[in-house]
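[1] 3D model of this:
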Amino acid sequence: MLNISSNSVTQHNRASDFASFGKTELAASNKMFVRWLVGVMIVVIIFLFLPWTQNIQSDGKVTTLNPSNRPQTIQSTIAGRIEKWYVQEGQFVKKGDTIVNLSEIKAEYFDPDLVKRTGNQVLAKESAIESYKGKVKALENQIQAMRQERDLKLRQTKNKIVQNRAKVVSDSIELELAKIDQKTAQRQLEGAQELFNQDIESLTKLENMRLKQQKAATKLVGAANKLEIARNELANTELSLQQIPAEYNQKIAKAESDKFSTLSMLYDAESTLNKLQIQATNYEQRSSFYFITAPQDCYITKAIRPGIGETVKEGEKVVTIMPANAQLAVELFVRPMDLPLIEMGQEVRFIFDGWPAIIFSGWPGQSFGTYKGQVAAIDQQITDAQNRYRILVAPSGEKEWPEALRVGSGAQGIALLNNVPMWYEVWRRLNGFPPDYYERGKSKDPKTKVPMRNVK
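    Sure thing, here's the model as predicted:
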């Protein structure tokens, strides 16, 4: 019976009076299932409108924020043989504490007094340099003295030239006087001869006149010779005036040549001294490398070359250390598609390996056992083999990270993003869309598109 008429018969006939109606009626379990299904659908619909916090999840590991606080190895600066270990693995050492002692294995450094002997060579070369400097100073004084002597010699020669010229003039006058005297004596002799021929004068007087005439002639010859000597002396003095500069210039040039030769040896000695000083410093520094010390407060993690008497090469790893009091951070890797959603100071939640936690990624407020951090650094290039960007997350300071946490421990990071309805998040994931990109501090309301005008 379809029961579609306005004149219903249910008021006259009850369905319970007919067995067929009882057989076609729904069972109680079916009614319960329908009610349960409707209830579940209502709950799902309500659940779809609940807020959901979008996030980016990534696995990472614990590291340190400061690169100098990360695990590191200590290498041997020089080649040597291990003589003694002063520490044990796991031991805490302070900065400057000795870790291991090395001995020399190269023949050129076997001398125990190598640094002292090289220092003596440096002192000897410094003394040689001082001697060269003294010789240069002496040559400079000698050159200055020769120049002064040259100037004095020139002045002396010029004065002598003036004297010789005066003497030449004086001797010329004497020669003229001698000529006059000779002429006078000749006339007197001729007069006496005439008078003697006339028997007016005696022979004695004639002989006296003849003697006087010979003396005057002799005096004339002496005056002429004296004048010639004076002229020669004047000429020689003038030649000496010309020779003096050349003579002294030659001496000065020789002294300057000796000076420059000494300067050359001085510069060569200074160059050798610099090499010796560098060598002495290198030897002294090398002696300090026989003891490998802790570069900072740290823990000894592993001795790579533990054997006594074992040799190590230059730059070879000897021991690994873990710096103490390091500020921990978490190293995460994100996909390039998620990188624009990460910014400095952004909140990140962590689950560390070994620490129990109950996590609801979409409801961070309902999660337990998670630790909070904030983005401290973002790489500018891809450094991961899986083409991902690396970010460093430091503690935010609200909740202390576990003290037992160690570098290298595993961690799972959840970067919190925008709050959206649950249905939107389901729709986004089903379509493979990235989380919403938004700028913090700005309105998240969608922008209204301006309709285009009809183009006639």
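[2] Which neighbouring elements make contact with the longest helix anywhere in the chain?
    The single longest helix within the chain, with elements called by DSSP state H, is helix 203-288. Using 3 or more Cβ pairs under 8 Å, 6 or more residues apart in numbering; DSSP states H and E, the elements in contact with helix 203-288 are helix 114-197. Placement of C-beta: from N, CA and C, glycine included.
[3] how near is Thr53 to Ala415?
    Separation of Thr53 from Ala415 (Cβ to Cβ, to the nearest Å): 10 Å.
[4] burial count for the residue nearest to Tyr109 when sequence neighbours are not counted?
    Of all residues beyond its chain neighbours, the one nearest Tyr109 is Arg286 (6.8 Å), with distances taken as Cβ to Cβ, 6 or more residues apart in numbering. Neighbour count of Arg286, defined by other Cβ atoms under 10 Å: 17.
[5] who does the lengthiest strand in the chain touch, helix- and strand-wise?
    Longest strand of the chain, by residue count under DSSP state E: strand 51-64. Under the contact criterion of 3+ Cβ pairs under 8 Å, 6+ apart, strand 51-64 touches strand 328-334, strand 410-421, helix 422-431.
[6] distance from the centroid: which residue in the chain tops it?
    Asp199 (126.2 Å; Cα atoms, centre = their mean).
[7] Give me the three-state assignment for Val34.
    helix (DSSP: H, G, I helix; E, B strand; the rest coil).
[8] go on, the one 10 residues further on?
    Following three-state DSSP, we place Val44 in the helix state.
[9] With Thr383 instead?
    Under three-state DSSP, Thr383 comes out as coil.
[10] Give me the distance between the nearest residue to it once chain neighbours are set aside and Glu331.
    Closest residue to Thr383 apart from its sequence neighbours, by Cβ to Cβ, 6+ apart: Arg390 at 5.3 Å. In this view, Arg390 and Glu331 are 6 Å apart by Cβ to Cβ.
[11] Comparing the two, which residue is more hemmed in?
    Neighbour tally, Arg390 and Glu331, criterion other Cβ under 10 Å: the higher count belongs to Glu331, 19 against 16.
[12] The more buried one reaches Pro67, doesn't it?
    No - the pair Glu331 and Pro67 does not pass the contact test of Cβ atoms under 8 Å, sitting 11.7 Å apart.
[13] pLDDT weak spots in this structure?
    Residue ranges of the chain with pLDDT under 70: 1-31, 200-202, 206, 359-361, 363-367, 397-398, 436-456.
[14] Map the structural domains onto the sequence of it.
    52-68+327-431, 71-97+294-322, 114-288 (automatic domain parsing).
[15] Return the angle between stretch directions for the longest helix of the chain and helix 114-197.
    170 degrees (axes from the mean of the first three to the mean of the last three Cα atoms, to 10 degrees).
[16] and the next element down the chain from helix 203-288?
    strand 291-293 (DSSP states H and E).
[17] Show me what that next one is packed against.
    By 3+ Cβ pairs under 8 Å, 6+ apart, strand 291-293 packs against strand 98-104.
[18] Now the strand it packs on - C-alpha only, CSV.
    Taking Å, rounded to 0.1, in the frame of the first residue of the first chain, the C-alpha atoms of strand 98-104 are listed here in CSV:
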residue,chain,number,x,y,z
THR,A,98,98.3,19.0,27.1
ILE,A,99,96.7,16.1,25.2
VAL,A,100,99.6,14.2,23.7
ASN,A,101,103.4,14.6,23.4
LEU,A,102,105.2,14.1,20.1
SER,A,103,108.9,13.7,19.4
GLU,A,104,110.9,14.6,16.3
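[19] just checking, what packs against that strand?
    On a contact count with 3+ Cβ pairs under 8 Å, 6+ apart, strand 98-104 meets strand 80-85, strand 291-293, strand 317-323.
[20] Need those in JSON lines (columns: mean neighbour count and distance to Glu233).
    Shown next, in JSON lines, are the helices and strands packed on strand 98-104 (neighbours: other Cβ atoms under 10 Å; distance: least, Cβ to Cβ, whole Å):
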{"stretch": "strand 80-85", "mean neighbour count": "17", "distance to Glu233": "86"}
{"stretch": "strand 291-293", "mean neighbour count": "17", "distance to Glu233": "87"}
{"stretch": "strand 317-323", "mean neighbour count": "19", "distance to Glu233": "93"}
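[21] what's the closest of these to Gln57?
    strand 317-323 (28.7 Å; Cβ to Cβ).
[22] now the closest one against strand 51-64, angle please.
    Using the same axes, to 10 degrees: strand 317-323 against strand 51-64 is 140 degrees.
[23] Give the pairing partners of strand 317-323; include direction for each.
    strand 72-75 (antiparallel), strand 298-303 (antiparallel) (DSSP bridges).
[24] where does that strand sit relative to the chain's centre, distance-wise?
    Its chain's C-alpha centre lies 26 Å from the corresponding centre of strand 317-323 when counted by Cα atoms, centre = their mean, to the nearest Å.
[25] That strand to strand 80-85, inter-axis angle?
    Using the same axes, to 10 degrees: strand 317-323 against strand 80-85 is 50 degrees.
[26] what sits up against strand 317-323?
    By Cβ atoms under 8 Å, 6 or more residues apart in numbering, the residues outside strand 317-323 that reach it are 64, 68-76, 82, 99-100, 292, 294-305, 312, 407.
[27] got the helices and strands packed on strand 51-64 as TSV, with distance to Arg155 columns?
    What follows is the helices and strands packed on strand 51-64, written out as TSV (distance: least, Cβ to Cβ, whole Å):
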stretch	distance to Arg155
strand 328-334	90
strand 410-421	99
helix 422-431	111
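[28] looking at those, which is buried most?
    strand 328-334 (a mean of 23; mean count of other Cβ atoms under 10 Å).
[29] That one to strand 410-421, inter-axis angle?
    60 degrees.
[30] check contacts around Glu207.
    For Glu207, no contacting residues are found, by Cβ under 8 Å, 6+ apart.
[31] try it again with 10 Å
    192, 196 (Cβ atoms under 10 Å, 6 or more residues apart in numbering).
[32] do you know how far it is from Gln213?
    Relative to Gln213, and taking Cβ to Cβ, Glu207 is found at 11 Å.
[33] what sits in contact with each of these two?
    What both Glu207 and Gln213 touch, as defined by Cβ under 10 Å, 6+ apart, is the set Ala192.
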